[in-house]
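J.: Predicted model, plus sequence, below.
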Amino acid sequence: MAVRSEVVPGAPSFGKLKMRKPGTGRVIGDSRLGRWIRIYIPLLVFILVMLFPFYWMAITSFKSASELFDFSVSPLWVREPTLGWYQHLFTQTNFPRWALNTAVVATISTVISLLCSILAGYSLARLRYRGADSIGWGIFVTYLVPPTLLFLPLTFVIRDLHLFNNLWALILTYPTFLIPFCTWMLMGFFKGIPRELEESALVDGATRLQAMMRIAIPLALPGILAAGLFAFTLSWNEFLYALIFMNDSLVKTIPVGVTQELIKGDEFFWGELMAAALLGSIPVALLYSFFVDYFVAGMTAGAVKG
Amino acid sequence: MGTATRPSPGVAVWRGRRVRIFEREAPLGYLLLGPTLLILGVFLLYPFLFGLYLSLSDSELGSLGKYIGFANFRFAFLTDSVFRTAVVNTFLYTGVTTVFKLGLGLAMALLLNQVFPFQRFARAALLLPYIIPTVLSYEAWRWMFDPTFSVINWLLVNTHLVPYPGPNWLGVPANAMAALIVVNIWRGTPFYGIAFLAGLQTVPVDLYEAARVDGATRWQQFRYITLPSLRPVLLVVLLLSTILTFADFQGPFVLTNGAPYNSTQLLSLWSYQWGIPGGAIGLGAAISLVLFPLLTIVVALVLFLLRRPE
Amino acid sequence: MTDGKQSKAKSGWSRRDFLRTTGVAVATLAFPEIIISCGGGSSTGTPTGKIPQPRKGASIRLLQWSSFVKPADAEFIRQATEWGDANGVTVAVEKVTGDQLQPKTAAAVEANSGPDIIQMQYGWPHLYTDACLDVTNEVNILKGKLGNVDPVNDAFCKVDGVYRAIPYTIVPNAWTYRTDYFQAAGVTSFPTTWDELSAAAAKLKTTGKPISQTDGHAYGDSLTMWNPVLWGFGGKEVNADGKTVAINSKETRDAITWAQGAVKNGLVVHPEWLDPDNNQAYHADRISGTLNGASIYIREKIEFHKYTDVTNNAAMPSGPKGTFAMNLIFNHAVMKWSPDAETAKAMLLHLMDKDQYLKWTTVAAGYNAGPFVAFHSDPVFTADPKLKAFQDVVAPGKWPGWPAQPSKKTSQAQTQYIVADMFAKALANGGTGDADAAVKEAESRLKAIFERP
């Protein structure tokens, strides 16, 4: 408990490290050279390897068609940068529309998943009733169902609900793979909130629902943020359902629109493809650069109490 | 869900009476589960049961077949030689990537747990491979492995690590499998890293201090304090990642689609191959379900280990 | 509940099937010549039914792959929309990539709803027979105007004597090569036999720009290369009965021996190549020749202008057992769930109208050829003599699984790349793979498919 309370509020995850006494830092840090060998160099190698594909995407997206295939000089740099691919992307394709669709779908399905997971997570972590354990396991175990098995039977459901070619088809199906993880994460958070807080509220005359709304949920906000981040990412990236359920160019999401309309017949259009891939990644990348510590904190709570 | 209408008279009874409160938790508990169970039931359980039926039938696309027992499974195991290759490859793929993701993820977490400038930037940056759309990043990898214009080979050749023209990444069975594995590791490691980082943050600092006072070496601290405290997060991450890697479809489909000559064929690809282009969805469903019993046992085991008294 | 609907739909079908079968039987007794005209034997087949009429206010969705020749796609959409405007019909044309077309089609068939018209690639009408409406009447109308259907489109469209799709187009596959490199290597004209090709590959190896082709899982180029090689040496996957697997033969081994020799000589095969990769390598001046649709040449001609003058095209070389080719074949099916099937049929008839169609092939600049006799004189192939090769490969064209008729089984063998995998395995390590093991594996995989109930 002590650990969690350091991590959750306000300034997540730095808490523990800040608490270290000045003296201990030296033991861990050793000399300046030691820090370079143990921390900076491995870290740089990691960053270099993990981020190289993004660099390559970026550099490709600024190359002209002729430069793309010219390996006689270093391909790692661009000699005559062009914004042509980006321009084409925004004027000749529905890319802005796809981005809007993706944002709408990701946001609403995240909200739905969060609502469901908050209620379910609270119920499973806080309320005592028969079967709670098995239901909790059951929800987690749904990850076992192979997605390639699901999509054909799902088409029946989508057809019967008349949702083909409708963004609601995605908004309603995405929670199936978002809710289990979010529920698990939030269960951890709710378990970490001292029961006494709620119980004293109950004694003071609050209903269970009021106790949940006024005490448990506000305290679990960092976890909710983390779960929301996770859910948003997965729905932003989803491909298979969007491919099957969406037909019009105007209702496509970024992953589907880009692979469908930028890879034509028997030609790749690398410049445009990479430009779109890069732009499609930026929103989630930005989100994470702001909220990464909440994400870590959310995982922590889930891990300890899950 | 029939309890949905009941709580209102109950509210009055709850007030100020703690004993009754706990007796009354069941209806609310089920009520709160309602939305989740509804969504999972309609969009997951129902299609899943339907898929189960398909695997036991001779269904083809567009026509629901009749029940044929385990004939699809018999065909897969006894007659279909590519299926056997796919099983072996799937285990290899999952096993090797998991070991590497574990190791590299741990290393990444230990690094990110240190204090250094731009720490938050480093954390967000290292998470990037995991969070960007898979289809798009795999297209980028395909471009990097491109047989004629591989930037990886350009680097290798120009640093004189290998002679021109460098390895044919996707055209030789062993290389193609290695390429698939490398990209999966690239994509999956950040998730392990962040989860382990979360685990590391739960270790109380005084434990280390006490250990140092007792003269424990750095390795001993790692072995007896760090690793045990990572156990719960390790199990969950391992579980999720193993399941998802077993079923991985998008990436391998973009990168190799089984080529060269099925040496990178995986169960997910093969079930798709029979079910969609081949039209035999009964058989396709059976192939995608082959690992279900095995995975269920593994998961049950892990969940059992995870369970701890509250 | 879905099960109930499904079986109801199914029994509805079998009743309609029955009616149709009876109808055909009665017709056969009364007018035997109709059957002959349906069989593609006669070019004077008279229309047997009424001409479908569009319904004002209808809306039609058509699902197609996106062709690389962008202007051709635009022209197709223009024609469809123009027709829609004239007839008060809303037309939407949806384009997806080749490998995404199949899962989308499968989902539509499974859900029994979706686009009114779907482009059927290769043998799909045999996979999705029940979902495709009978369009025999419309095909006969077209035959009356345009002459016979080309045999490959005919075999793919016709299932058990009933047309399930309206012939649409052929994407001819021929060799595109660099005349300057060929001359430098001392090869004055493109080889006309496989043995000559092997010898030419040896000479071109010395220029550093090899002749290259995929033997991987590329759903166009890999099939259009290795099936004709197999046939040229007399090999076949299965007998004409469509049941007896016949791949394990001396002829198959001859084909493999040739391929291994060619690779040892200098033909470079790439199991990792997908359909775009040889285009890319050619445009980047890495190879001197490859087998492909006309797209390489067209893109050089319209867009890059780098090697246009030194690029030429040639038809398929011959083997000891004759000249064979394989092309990409696309047809349009009207789906059974369409509320406006008559309108959909009327639109397809309009698009296949000779004047309309030739406008489209002109814009496609040689990438597409028409599947009826009347299109054999399409001026697009004579306006530029270098495109003639693409017209020449249409006639020797066959379908995967030939000499058996297309079926579910041949489609499965095709999409599992069994022939290409066999060659790829034998051609591994510079053409020194185990040929015997490759043939036996192909045989066991084919048997698994053809002997499956």
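T.: Received the coordinates, thanks. Residues are numbered from 1 along each chain as shown, chains lettered A, B, ... in the order given.

J.: Please see if stretch B:213-226 touches chain A.
T.: No: against chain A, stretch B:213-226 shows no contacts by Cβ under 8 Å from any Cβ of the partner chain, the least distance being 9.3 Å. (Each C-beta comes from the backbone N, C-alpha and C, glycine too.)

J.: so how far is that stretch off the chain centroid?
T.: 32 Å (Cα atoms, centre = their mean, to the nearest Å).

J.: buried ones in it?
T.: Within stretch B:213-226, the residues that count as buried by 16 or more other Cβ atoms under 10 Å in any protein chain shown are B:Ala216, B:Gln221, B:Ile225, B:Thr226.

J.: got TSV for those, with distance to B:Gly62 and secondary structure too?
T.: Shown next, in TSV, are those (distance: Cβ to Cβ, whole Å; DSSP: H, G, I helix; E, B strand; the rest coil):
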residue	distance to B:Gly62	secondary structure
B:Ala216	67	coil
B:Gln221	62	helix
B:Ile225	60	helix
B:Thr226	56	helix
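
J.: where does the nearest residue to B:Thr94 once chain neighbours are set aside fall, phi/psi-wise?
T.: Excluding its sequence neighbours, the residue lying closest to B:Thr94 (Cβ to Cβ, 6 or more residues apart in numbering or on different chains) is B:Thr245, at 4.7 Å. Main-chain torsions, B:Thr245, degrees, to the nearest 10: phi -70, psi -40.

J.: Can you lay out the buried residues of stretch B:213-226 as a markdown table showing pLDDT and distance to C:Pro406?
T.: Formatted as a markdown table, those follow (pLDDT from 0 to 100; distance: Cβ to Cβ, whole Å):
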| residue | pLDDT | distance to C:Pro406 |
| --- | --- | --- |
| B:Ala216 | 82 | 73 |
| B:Gln221 | 83 | 69 |
| B:Ile225 | 84 | 67 |
| B:Thr226 | 83 | 63 |
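
J.: Identify the farthest-apart pair in these.
T.: Distance extremes for those: the farthest pair is B:Ala216 and B:Thr226 at 11.4 Å, using Cβ to Cβ.

J.: helix, strand or coil for the residue of chain C found nearest chain A?
T.: The minimum distance from chain C to chain A, using Cβ to the nearest Cβ, falls at C:Phe68 (3.0 Å). Under DSSP: H, G, I helix; E, B strand; the rest coil, C:Phe68 falls in the coil class.

J.: would you list every one of the strands in the stretch 151-300 of chain B?
T.: For the stretch 151-300 of chain B, applying DSSP state E, counting those that start in this stretch gives no strands.

J.: List the contacts of the residue nearest to B:Thr94.
T.: By Cβ atoms under 8 Å, 6 or more residues apart in numbering or on different chains, B:Thr245 lies in contact with B:Tyr93, B:Thr94, B:Thr97, B:Thr98, B:Asn184, B:Gly188.

J.: Kindly recompute the last result at 7 Å.
T.: Counting by Cβ atoms under 7 Å, 6 or more residues apart in numbering or on different chains, B:Thr245 makes contact with B:Tyr93, B:Thr94, B:Thr97, B:Thr98, B:Asn184.

J.: Show the pLDDT at the nearest residue in space to the fourth one that is not next to it in sequence.
T.: Okay, so that is B:Thr98. In this structure, B:Thr98 finds its nearest non-sequential neighbour in B:Thr242, 6.0 Å apart by Cβ to Cβ, 6+ apart. For B:Thr242, the pLDDT comes out at 84.

J.: re the thing from before, may I see the contacts of B:Thr245 arranged in a markdown table, with pLDDT, secondary structure and neighbour count as well?
T.: Shown next, in a markdown table, are the contacts of B:Thr245 (pLDDT from 0 to 100; DSSP: H, G, I helix; E, B strand; the rest coil; neighbours: other Cβ atoms under 10 Å in any protein chain shown):
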| residue | pLDDT | secondary structure | neighbour count |
| --- | --- | --- | --- |
| B:Tyr93 | 94 | helix | 23 |
| B:Thr94 | 91 | helix | 23 |
| B:Thr97 | 95 | helix | 24 |
| B:Thr98 | 91 | helix | 19 |
| B:Asn184 | 94 | helix | 24 |
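
J.: Just give me the closest of those residues to B:Ala140.
T.: Using Cβ to Cβ, the contacts of B:Thr245 come closest to B:Ala140 at B:Asn184, 14.5 Å.

J.: For chain C, what is the nearest residue in the stretch 1-150 of chain A?
T.: Closest approach between the stretch 1-150 of chain A and chain C, counting by Cβ to the nearest Cβ: A:Phe69, at 3.9 Å.

J.: so that residue makes contact with C:Ala284?
T.: Yes: in this structure, A:Phe69 is within contact of C:Ala284 by Cβ atoms under 7 Å, at 3.9 Å.

J.: what sits against residue 157?
T.: Going with chain A. B:Val42, B:Phe43, B:Tyr46, B:Pro47.

J.: My question was about chain B, not that one.
T.: With Cβ under 7 Å, 6+ apart, B:Val157 has these contacts: B:Tyr164, B:Gly166.

J.: host element of A:Leu186?
T.: When elements are assigned from DSSP states H and E, A:Leu186 belongs to helix A:175-192.

J.: That helix packs against which elements?
T.: Helix A:175-192 is packed against helix A:95-126, helix A:132-141, helix A:221-237, helix A:270-305, helix B:25-40, with contacts defined by 3 or more Cβ pairs under 7 Å, 6 or more residues apart in numbering or on different chains; DSSP states H and E.
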